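K.L.:
return a 3D structure for these sequence lines:
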Amino acid sequence: KMSGAKIDILQEGEESAPTGTVSIYVGHTVAAKKNGVEIPSGFDPSIRADAFEEEGYVLKTRGNSIFIGGNSDGPYRGTIYGAYAFLEKLGCRWYFPGEWGEIVPKRKTVTVPDLDVESKPDFPIRYISCGGWWGPLTEDEASAYRDWCDKVGFQTGSGELYPLVGDGFLGFLLPAEEYYEEHPEYYAMNEKGERAKPDNDYVAMLCLSNPDVFTESVKDLKEAFGDKQKGERLRVSPNGFGISPPDGTPYCHCEKCLANSQNFEYPDYFYGRQMSEEFFDFAGRLAKEFPDKWVATMAYILREMPPQGVKVPPNVTVMYAPISNCALHNADESSCWRRQEFVKLLEQWRRQTPHIYLYEYNPNYLTGMFVPERGTANAAKNIPIYKQLDVKGISAEGRKVFMETWTSYYVTAKLLWDSTTDVDALKEEFYRLFFGPEAGPHVQAWWDACEEAQATATVHVHEDFLVNHVFNKEFTQRIHKHVEAA
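P.N.:
Next up, the predicted model:
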């Protein structure tokens, strides 16, 4: 696309290039070894604090030879990331999925500078989904998004390192169709004293105080690791399994579960007693039964608070989903009590386990579809803080609303690979290249005004209908001048 030239693609050793021509060697090649180019490799999924930190790539020049190679062992995609990083060195950019979001400079002659790049990501987990339950993707859109993830250094899905976990995975341990008729006591009691049959496994809350629930779960999991069909039903992965109660605020109100509760309540977040202690005690006991497997969990709603008096075993992973967080402010904003408490909670979680990563929401307005967000500005502040706290990364819930999320996906990808990335420089380049040097500054001024209006708001919310007084008629009329100028 850059020059119109077609380059022969050969397997190494098929044919020698004529003397004096430029050769590009991709991957782990013999030529790389001969030229002293060491390319990253290796994938060790064993349980340890520094798991999944082998990924990376190199870009090297030796005379007329260019070497592009990375760690592509296991789930890693280092060589693909390296190939796109090489094209970025030549001026290509991929701001949004699909051809409309790319910049490919036209050049009659492509000149490659001397390269001596060794690059590793700052975070092993780097992903934002797209589509989902609000505006699902078409097959073509999903393919374009996966392709774009490769271009910016995202993974192409969640669950590539730690086992997949999500709302309702706890119910997979004891499928109601299999167990309920004979053992209704395995399932949660509601406040009326009833143990109703769950409509499906995703909404099944188990009675965690029942010792038979634990015993039967262990038995089923052991069988699942040796039985492919049962393994698929229980959603086990080769390296472990995920468990998490259903979405919302499920709770077992039986006498024993209530007696086990420490009755911690945090009304600024969610009303009702928390269950971090009961759930993570259950997860921890499961983890001890499978010491060579990861047990993936979620810190979400009634389990957002780090458990008190319960130790998190080394093979338990925690995906922290701070759904009650503030969408307007970043983690460095001292006036935002929600963000400040979030950082304190994240610090507590990190002290309990090195295997903590974030399930963020982007768009951050939970039911948002159209309101401009300040995700780019927040990511610029938040991700360096996450690096300082030494969390494993972000696996976020996204949506097909790029006019709301804007450049935040692109900027997040860049920061998760290198948390020292200059976001101001990225923004200046984006507006100049994407809109042109004349219109670009005016489009940036419009977006910067939207971000600033939210940053200076004195409310702390995560729904767009609560900022009507911020994006009011007077504000929209005032910033319209930037649209006219562009």
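
K.L.:
how many residues are close by residue 293?
P.N.:
Residue crowding around residue 293 was assessed by other C-beta atoms under 10 Å; the count is 20. Just so you know, the C-beta spots here come from the backbone N, C-alpha and C atoms, and that holds for glycine as well.

K.L.:
isn't it right up against residue 239?
P.N.:
Yes. Between residue 293 and residue 239 a contact is recorded at 6.4 Å, counting by C-beta atoms under 8 Å.

K.L.:
endpoints of stretch 127-135, how far apart?
P.N.:
This stretch, stretch 127-135, spans 18 Å end to end (C-alpha to C-alpha, to the nearest Å).

K.L.:
now do stretch 89-100
P.N.:
Distance across stretch 89-100, first residue to last, is 20 Å (C-alpha to C-alpha).

K.L.:
any idea of the mean pLDDT in that stretch?
P.N.:
The predicted model gives stretch 89-100 an average pLDDT of 97.

K.L.:
same thing with stretch 194-213?
P.N.:
96.

K.L.:
low pLDDT regions in the stretch 301-450 of the chain?
P.N.:
For the stretch 301-450 of the chain, no stretch has pLDDT under 70.

K.L.:
and if we set it to 80?
P.N.:
Residue ranges of the stretch 301-450 of the chain with pLDDT under 80: 368-369.

K.L.:
which parts of it are strands?
P.N.:
Taking DSSP state E, counting those that start in this stretch as the criterion, the stretch 301-450 of the chain carries its strands at 316-321, 356-358, 361-362, 393-398.

K.L.:
cool, the stretch 1-150 of the chain as well?
P.N.:
Under DSSP E, counting those that start in this stretch, the stretch 1-150 of the chain gives strands at 23-26, 57-62, 65-70, 93-94, 102-103, 116-119, 125-128.

K.L.:
circling back: how about a markdown table for the strands of the stretch 301-450 of the chain, with distance to residue 411 and mean neighbour count added?
P.N.:
Converted to a markdown table, the strands of the stretch 301-450 of the chain look like this (distance: least, C-beta to C-beta, whole Å; neighbours: other C-beta atoms under 10 Å):
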| stretch | distance to residue 411 | mean neighbour count |
| --- | --- | --- |
| strand 316-321 | 21 | 25 |
| strand 356-358 | 16 | 24 |
| strand 361-362 | 11 | 23 |
| strand 393-398 | 12 | 22 |
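
K.L.:
contacting residues for the residue nearest to residue 45 when sequence neighbours are not counted?
P.N.:
In space, and not counting its chain neighbours, residue 45 is closest to residue 239: 5.2 Å by C-beta to C-beta, 6 or more residues apart in numbering. Residue 239 is in contact with 45, 162-163, 293-294, counting by C-beta atoms under 8 Å, 6 or more residues apart in numbering.

K.L.:
then residue 299?
P.N.:
276, 305-306, 318-321, 349.

K.L.:
can you rerun that using 7 Å?
P.N.:
By C-beta atoms under 7 Å, 6 or more residues apart in numbering, the residues touching residue 299 are 318, 320-321, 349.
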